[in-house]
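Asks: what would the 3D arrangement of this be:
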Amino acid sequence: MAERTLTEQLGAEPPAGVAALDPAHQQDLADAVRAARRRQAAALAKAGNDALKFVPALLRPAVRKAVGL
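Replies: This is a model prediction of the structure:
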């Protein structure tokens, strides 16, 4: 998989102070952002699945489909 740049990770140009970092440090920061987003996505998915425990079993498939889980 090709490494995404910091600009691609942020979806905008990084602040001037960050842009002044050398490319290796910028890539380290991009990797850290990517890892944080993956952890966040996993935590959100777990929270969504845990919340389904409060929905009656017969309604869970419809609720999953409605919320996109």
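Asks: do me a favour and average the pLDDT over stretch 58-69.
Replies: The pLDDT scores in stretch 58-69 average 87.
Asks: that should have said stretch 42-55, apologies.
Replies: Stretch 42-55 comes out at a mean pLDDT of 90.
Asks: any idea how far that stretch is from the chain center?
Replies: Computed by Cα atoms, centre = their mean, to the nearest Å, the chain-centroid distance of stretch 42-55 equals 16 Å.
Asks: mind listing residues that contact it?
Replies: R60, V63, R64, V67, L69 (Cβ atoms under 8 Å, 6 or more residues apart in numbering). From N, CA and C alone the C-beta is placed, and that goes for glycine too.
Asks: likewise stretch 12-22?
Replies: Residues contacting stretch 12-22 (Cβ under 8 Å, 6+ apart): L6, T7, Q26, L29.
Asks: convert it to CSV, retaining C-alpha atoms only.
Replies: Written as CSV, here are the backbone C-alpha positions of stretch 12-22 (Å, rounded to 0.1, in the frame of the first residue of the first chain):
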residue,chain,number,x,y,z
ALA,A,12,-5.6,20.2,3.6
GLU,A,13,-2.2,21.8,3.8
PRO,A,14,-0.6,21.3,7.2
PRO,A,15,0.1,24.4,9.3
ALA,A,16,3.4,26.2,8.5
GLY,A,17,5.2,24.8,11.5
VAL,A,18,4.4,21.3,10.6
ALA,A,19,5.2,21.9,6.9
ALA,A,20,8.6,23.1,8.0
LEU,A,21,9.4,19.6,9.4
ASP,A,22,11.7,17.4,7.2
